[in-house]
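In: sequence first, then the predicted structure:
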Amino acid sequence: MHLRGESRKDVFACLLDALLDLMNSEYGFIGHVEYEEDGLRTDAIANIAWNEATHRLYHENVENGLKFSNMATLFGHCLVHKEPVIANQPATDPRAAGIPEGHPALNHFLGIPFFRDEDIYGMIGISNRPGGYSEADLKYLEPFIIAVLFADSVNTLEKKVKERTQRLEQANADLAAANKKVVQHSKAQLQHFACMSHEIRTPLNCILGLSSLLKESSLDAKQQDAVQMMITSGDLLLTVVNDVLDYSKLETGHVDIEMTDSSLQESLNAVIHSIEAKAATAEIILEVNCDTSVPAVLRTDGRRLQQILYNLLGNAIKFSPPGTVELKLSTVEKQDEETSDRMAVETCPQAGGKPVEACPHLARLHEAVDASACSMDTTEEESMRRKFVRFEVIDYGRGIPKEDFERIFQPFVQSGSDTEACYGGTGLGLAITSKLVRALGGTIDVDSAVGVKTKFTVDLPLAADSPVDIQGLKASLQNSSIMLVGAREGTKEWMEQVMKDFDLQLEIYDSLLDTMKSIVQKRSDTLCIALVHESLVNSLRENIREAKIGNVRLLSFGWHYNTPGSDCHFRCLRRFIPVVMLECLVSQIKDTESAYTSGERQCKKPRTNAVQNVDYRVLVAEDNRINQKVLLRLLQQVGIQNVKVVDNGKEAVDVCAQEDFDVILMDKQMPVMNGLDACRLILNGDTNQRKPKIVLATAEVSQGLEQQSREAGCSDFLPKPFSLKDVKTLFHKLSISKEES
C-alpha cells in the first residue's frame, strides 16, 4: 500500500475494504475518538444508507467523517470499557441498543479498540460474517490494527507538516513584509540624517574655512586665541555630526566596509599624526610599543581601523591627567569561536532534548564520536585556534567602574553621572567603535581599576598566511653591522629586544668618537648601517667623508620629519613596527632609493606646503554664495589666482565647452543640474577642449556617494567642511598626479 500523497479518506477507505474482504464481513467502519466532543468520528465507513435521509447524511459527512455519540451501543461499550466486543446475537445482547427501522440486518458484530500509550485512540467495527466472530479473530487482526495506527500516524504527520509549512510560509511572508518596512524606515532615517548633516556642514564649511584663513593672517595673541577657539568649536561640532551619522549608518547596516591588504604602519602613522596635537595640548605623551610578531600588512579596512584607534586614543587622552597614554600592538592566539560552537555537544530530538548519550539507538554512533574525539592529536586542536593582531590602549586616568563595562558601549551613554558634565561628548564614540570592530570580524573588551588605569583591547583576525619572516630578514642582515648612536635608554632597551627577537647583533654607542672607531675597524666588505640621532647626523657624515669611508649607510631618528644628509629617517623608532623597520634596513643593503618619514616612503623630491603648479586654471561650480567666497579665498591663499565661478552644473557644462580648465571643484546638490550629471557630460562630451580633473566638493555624505563620484569620472572627493590644510593637501595630490602622468 502506497500512502505518500494519498488523502486520509482514500487511505482509510482502502484499509476498510481490505478488512471487510479479509474477514468476509458485510459492512463496517474505522474511526477515532474525539475526546473534546465525547464521541467517535469515522475515518472510513461502508455505505449502508437505507433511505433518502441516510443517503444525504452519508454523502454530506463522509468526507470529514460521520459523528457517533450514543455510547449505549455495542461500539459505545467497546469505547467506554476499552475492551473488545464480540456479539454474535446482537438482538438479545444487553450491550446493544437496537437498530433504527430500515437499518440493514445486524446479525454479528466485532469491535476492537486500539490504543496509543495507555489512552484509547479509536476502534474498528465489522458486521455479519457468516458464522459470527470469535476470540481467535482478535489475535488474527493484531497486524491489521498496527497497520491502521501506522497509516493514521503517517497521515497525521503529513497533516502537521503541511500545517507547519503553511504557518512557516505565512511567518516568512510576515517577516519579509516587516523587514521591508524596517529597510524602508532605515533608508528614510539614514536619508534624514544625511540631509540634516548636509544642512549643518554647509554653514560649517564657511566657519572652518574662513577660520583657517584667519589663522594664517597676522593676528595678535588675543585674536589668535579667539580664532583657535572658533576652529576647535567647529571641529567639535563636526565630530558630533560625524558621530551621529556614523552611528545611524551602523545601526541601519549601511556602513561601508572595504577589506583590503592594508599597511598597518600607514594606519598607525595616520592615527598618531592626527592625535598628536590633541595629546600635546593635554600634556600627554603617546607611547607606542609594537611586538616583533606584528606583521606589516593586515587584511582589514584601513580607514575603519584608523577610526577605531582614533576613538580609543581620543578617549584615553580626554580622560587622562598629564602623563602618558600607551598604544601596544602584539599578536595572540585564541580559540576560534565558530569552531567552538560547532564542537558543542548537540542534543537529540528523539531523546526529548536529552544528550546524545541518552538515545539508545545512537549509542554506537556516540561511542564512535567519543573515540574520535579522544584520538584527536595536538595538531588538530591547534588548528582550531586562530591568530589575531591585538591593539591595547591604556590610560592612567579616572578609570571605569565594573558595573559600567557593558553600559559604555551603548549609544549616548558615558561612565558615571558626572562624565558628560565634566568632559562633554555625544556618548557615541564607543558604541560606534564596538560596531566597527564587530564589522571587521574582531572583538573589543575593557578592563579598568577605578583611579588607577583603563585598558581597551581590540583583537582583529590575522590571515593564516601573514607570519613575520624572521629567518628571511635575519639572513639579509646577518652580514651587516647594525649600530645605534645617541639614543635614550628606553630606545636602547627596545632596540636591543627587537634585535634579540630577530637573532641579530646590535652595537650601541653614545659618542661619535666611539662610533667612528668602530666603523674604521670594520672590514671593507662589511656594510655598516648606523641608526643615528638626528642631532649627530651631520657631524658623523662629515667625519665619514673626511675618513673616506664608503661602506656606511646613515639612517636618522628623532622628532623632526626629515633630516638632511641621512639616507632614511625614522621620526620615532619605537612607533615603528619592527618588521617594517628591518625591511627598511634591508632596503639599504639592496641600495634602494627608498626613504622613510614617520614610517611612510618619501620621494627624493622634497614636498612643501606651497602648491607647486600655481598656474592651474580652476573652475568652481557652487550655488552657495558664501561658500563661493570661501573657496575663492582658500584657492588664493595657496597661490591659485586663475579661478572662475559658476552657480550650477549646467553653467559648468556650458563654460567647459568654450574654455579649458585644469581642475573643477564641483558641488553635488545644485539647481538646474547636479554635479554628477555635469561631471558625466563634461568628461564624455565631444568638445575639443581638454578634459579637466573634477573634484566633487560636497556637504552630502549619503551612502556610496564617493563611489558614485568615481563612477561618474571624478578624480577626487573633498567633503565639506574643508580647511586651508585640506585644500593644500588636495592640490599637492593633483600636482603629483599631474607630474607622474
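Out: The structure has been received and is ready for your questions.
In: how many neighbours does residue 704 have?
Out: Residue 704 has 10 neighbouring residues, counting by other C-beta atoms under 10 Å. C-betas here are computed from N, CA, C, even on glycine.
In: any stretches of the stretch 51-200 of the chain with poor pLDDT?
Out: 155, 185-199 (pLDDT under 70).
In: and the longest strand along the chain, which residues are buried?
Out: Assignment by DSSP state E gives strand 323-335 as the longest strand of the chain. For strand 323-335, the neighbour count (16 or more other C-beta atoms under 10 Å) marks 325-329, 331 as buried.
In: what's the most distant pair in those residues?
Out: Across the buried residues of strand 323-335, no pair lies farther apart than 325 and 331, at 21.8 Å, counting by C-beta to C-beta.
In: was I right about residue 394 contacting residue 452?
Out: No: Residue 394 is beyond contact range of residue 452, at 10.7 Å (criterion: C-beta atoms under 8 Å).
In: and the two? which has more neighbours close in?
Out: Just comparing residue 394 and residue 452: by other C-beta under 10 Å the higher neighbour count belongs to residue 394, 19 against 10.
In: contacts for the helix or strand where the more buried one lies, please.
Out: Using DSSP states H and E, residue 394 sits in strand 385-395. Residues from elsewhere that reach strand 385-395 (C-beta atoms under 8 Å, 6 or more residues apart in numbering): 264, 294-295, 298, 308-309, 312-313, 315-317, 319-320, 325-336, 442, 453-462, 464.
In: need the residue closest to the centroid of the chain.
Out: Against the mean C-alpha coordinate of the chain, by C-alpha atoms, centre = their mean, the closest residue is residue 439 at 2.0 Å.
In: could you measure from it over to residue 305?
Out: From residue 439 over to residue 305 the distance is 11 Å, taken as C-beta to C-beta, to the nearest Å.
In: list the residues that contact both of these two?
Out: With C-beta under 8 Å, 6+ apart as the test, residue 439 and residue 305 reach no residue in common.
In: picking that back up, tabulate the buried residues of strand 323-335 (JSON lines), appending distance to residue 662.
Out: Below are these laid out as JSON lines (distance: C-beta to C-beta, whole Å):
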{"residue": "325", "distance to residue 662": "44"}
{"residue": "326", "distance to residue 662": "46"}
{"residue": "327", "distance to residue 662": "41"}
{"residue": "328", "distance to residue 662": "46"}
{"residue": "329", "distance to residue 662": "42"}
{"residue": "331", "distance to residue 662": "47"}
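In: and of those, the nearest to residue 102?
Out: In terms of C-beta to C-beta, no member of these lies closer to residue 102 than residue 331, at 93.6 Å.
In: leaving out chain neighbours, which residue sits closest to that closest one?
Out: Spatial nearest neighbour of residue 331, excluding adjacent residues (C-beta to C-beta, 6 or more residues apart in numbering): residue 293 at 4.4 Å.
In: pLDDT of whichever strand or helix holds residue 17, averaged?
Out: Element membership for residue 17 (DSSP H and E) is helix 8-22. For helix 8-22, mean pLDDT is 88.
In: re the thing from before, among the buried residues of strand 323-335, which one sits closest to residue 404?
Out: Of the buried residues of strand 323-335, the one sitting nearest to residue 404 (C-beta to C-beta) turns out to be residue 325, at 20.0 Å.
In: what's the closest non-adjacent residue to the closest one?
Out: Counting by C-beta to C-beta, 6+ apart, residue 325 lies nearest to residue 316, which is 4.5 Å off, once chain neighbours are set aside.
In: secondary structure element holding that neighbour?
Out: helix 302-318.
In: what's the angle from that helix to strand 385-395?
Out: If you take axes from the mean of the first three to the mean of the last three C-alpha atoms, to 10 degrees, helix 302-318 sits at 40 degrees to strand 385-395.
In: what mean pLDDT does helix 302-318 have?
Out: In this model, helix 302-318 has a mean pLDDT of 88.
In: next one: stretch 617-631
Out: For stretch 617-631, the mean per-residue pLDDT is 88.
In: and it, end to end?
Out: Using C-alpha to C-alpha, to the nearest Å, one end of stretch 617-631 lies 14 Å from the other.
In: list the contacts of that stretch.
Out: 202-203, 205-206, 209-210, 632, 635, 640, 642-649, 651-652, 655-656, 660-667, 669-671, 675, 678, 692, 697, 720.
In: buried sites along it?
Out: 617-624, 627-628, 630-631.
In: which ones among those lie within strands?
Out: Reading strands off those with DSSP E, I get 618-621.
In: check what pLDDT residue 595 gets.
Out: So, for residue 595, pLDDT stands at 37.
In: residue 589 contacts residue 480, doesn't it?
Out: Yes: counting by C-beta under 8 Å, residue 589 touches residue 480, with 6.1 Å between them.
In: tell me the contacts of residue 27?
Out: 20, 46, 48, 104, 126-128 are the contacts of residue 27 under C-beta under 8 Å, 6+ apart.
In: the residue of the chain most remote from its centre and residue 105, how far apart?
Out: Centroid-distance maximum for the chain: residue 92 at 82.4 Å, with C-alpha atoms, centre = their mean. According to C-beta to C-beta, residue 92 stands 14 Å off from residue 105.
In: just residue 312 next, same as before
Out: For residue 312, the distance to residue 105 - C-beta to C-beta - is 94 Å.
In: looking at those two, which is more packed in?
Out: Set side by side, residue 312 and residue 105 show more neighbours around residue 312, with 27 against 11, by other C-beta under 10 Å.
In: can you tell me how far the more buried one is from residue 323?
Out: Distance, residue 312 to residue 323, by C-beta to C-beta: 17 Å.
In: can you check residue 60 too?
Out: Residue 60 sits 92 Å away from residue 323, going by C-beta to C-beta.
In: again, but for residue 220
Out: Distance, residue 220 to residue 323, by C-beta to C-beta: 33 Å.
In: and what of residue 648?
Out: For residue 648, the distance to residue 323 - C-beta to C-beta - is 54 Å.
In: go on, residue 633?
Out: Residue 633 is 41 Å from residue 323, where distance means C-beta to C-beta.
In: which SSE is the residue nearest to residue 331 in?
Out: Residue 293 belongs to no helix or strand, assigned by DSSP H and E.
In: and if you look at residue 445?
Out: With DSSP H and E as criterion, residue 445 is part of strand 443-449.
In: from the chain's centroid, how far away is that strand?
Out: 20 Å (C-alpha atoms, centre = their mean, to the nearest Å).
In: so which bits of that strand are buried?
Out: Neighbour-count burial for strand 443-449, counted by 16+ other C-beta under 10 Å, picks out 443-444, 446, 448.
In: dump these to TSV, plus distance to residue 404.
Out: Putting these into TSV (distance: C-beta to C-beta, whole Å) gives the following:
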residue	distance to residue 404
443	19
444	15
446	9
448	9
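In: hmm, the residue nearest to the centre of the chain is touching residue 259, no?
Out: No: with contact defined as C-beta under 8 Å, residue 439 does not count as touching residue 259 (9.9 Å).
In: put the buried members of the contacts of residue 27 into a PyMOL selection.
Out: To isolate the buried members of the contacts of residue 27 in PyMOL, using 16+ other C-beta under 10 Å:
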select buried, resi 20+46+126+127+128
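In: now distance to residue 226 and secondary structure too, for the contacts of residue 27, in JSON lines please.
Out: Shown next, in JSON lines, are the contacts of residue 27 (distance: C-beta to C-beta, whole Å; DSSP: H, G, I helix; E, B strand; the rest coil):
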{"residue": "20", "distance to residue 226": "107", "secondary structure": "helix"}
{"residue": "46", "distance to residue 226": "105", "secondary structure": "coil"}
{"residue": "48", "distance to residue 226": "107", "secondary structure": "coil"}
{"residue": "104", "distance to residue 226": "112", "secondary structure": "coil"}
{"residue": "126", "distance to residue 226": "107", "secondary structure": "strand"}
{"residue": "127", "distance to residue 226": "110", "secondary structure": "strand"}
{"residue": "128", "distance to residue 226": "114", "secondary structure": "coil"}
